[in-house]
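1. Structure for the following, please:
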Amino acid sequence: MRAFLISSALAAAFVATPAAAEGRCVTLPVSTSDAASSAPLVAIAPEEAAVPARLAPLAADSPWQARFEAAADELFVALQSRDESRWQPLLGGRWLGEADRSAIAAMIDDPCGAFGALLKAPDPIERRILGWNIPASYSAADKAEIAARPEAEALACWSARSATAWPLTAAEADNRGDRPYACARIAYSVRGDTPLWRGFIETPR
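-> Numbers count the residues shown, from 1 in each chain. Got it, this is the predicted structure:
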């Protein structure tokens with residue numbers, strides 16, 4: 001199955017982490033009071049819901065596969081070190097905002113966070129590189145144009161529990177603490193003489 005290397009929007013689903021399963025982490029229920037208080041007095045016809053693009057492993061013959069694997073491995077080792085001087089340059093360096101930097105650092109150190117639980121896990125780490133499915137409506141010319149682009153994006157996800165559940169959409173790659181995996185988006189460019197990439201890590205809101 002081929003994957004379409006573009007980004008998508010974010011949402012959520014529930015799976016317990018090892019720390020949560022042992023009772024050390026608590027998942028707070030989502031409050032519905034705000035939604036109820038903001039409901040309109042006059043009924044409004046709902047808009048047609050957009051269907052998020054599905055994720056799939058990159059094709060085995062994708063020229064991007066080895067690049068994304070190498071980038072993902074470098075990023076994971078840097079995160080595992082918990083040394084900000086190692087992971088910050090891979091996540092944008094001076095272009096990484098202070099709020100994002102603080103949120104990522106806190107998530108790495110949080111034993112109940114997606115990355116905190118993963119980086120401390122004694123189990124072997126499994127990695128998946130995921131892209132986005134190409135819509136069936138795309139023509140052969142559309143697909144060839146996408147394949148020829150000098151930039152691409154993919155999701156790198158890791159799990160320490162031989163996960164049978166991986167994100168099906170980018171919505172599920174939100175690094176919520178109750179996921180059995182953690183993910184980073186990697187943007188890669190081979191435009192120019194030197195290939196460049198940058199990672200982006202979503203932090204739970």
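
2. How far off centre is stretch 174-186?
-> 6 Å (C-alpha atoms, centre = their mean, to the nearest Å).

3. Could you work out the end-to-end span of that stretch for me?
-> 14 Å (C-alpha to C-alpha, to the nearest Å).

4. count of neighbours near Ala184?
-> 24 (other C-beta atoms under 10 Å). To be clear about C-beta, it is placed using only N, CA and C from the backbone, and glycine gets the same treatment.

5. Just give the strands next to the helix or strand harbouring it in its sheet, each with its orientation.
-> In this structure, Ala184 sits in strand 182-189 according to DSSP states H and E. Here strand 182-189 has these sheet partners by DSSP bridges: strand 151-159 (antiparallel), strand 196-200 (antiparallel).

6. Touching the first one from outside, list them.
-> Contacts of strand 151-159 with the rest of the structure, by C-beta atoms under 8 Å, 6 or more residues apart in numbering, involve 3, 5-7, 55, 58, 64, 68, 71-72, 75-76, 118, 125-131, 166-167, 170, 173, 180-191, 199.

7. Just give me how far it sits from the chain centre.
-> Centroid displacement of strand 151-159 relative to its chain, using C-alpha atoms, centre = their mean, is 7 Å.

8. got the CA coordinates for it in PDB?
-> As requested, the backbone C-alpha atoms of strand 151-159 are provided in PDB (Å, rounded to 0.1, in the frame of the first residue of the first chain):
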ATOM      1  CA  GLU A 151      10.000  17.500  -0.300                       C
ATOM      2  CA  ALA A 152       8.000  15.000   1.700                       C
ATOM      3  CA  GLU A 153       6.500  14.400   5.100                       C
ATOM      4  CA  ALA A 154       5.900  11.300   7.100                       C
ATOM      5  CA  LEU A 155       5.100  10.300  10.700                       C
ATOM      6  CA  ALA A 156       7.600   8.300  12.700                       C
ATOM      7  CA  CYS A 157       6.000   6.400  15.600                       C
ATOM      8  CA  TRP A 158       7.600   4.200  18.300                       C
ATOM      9  CA  SER A 159       6.200   1.700  20.700                       C
END
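
9. Which of the strands paired with strand 182-189 has the highest mean neighbour count?
-> For the strands paired with strand 182-189, average neighbour numbers computed from mean count of other C-beta atoms under 10 Å are highest in strand 151-159, which has a mean of 23.
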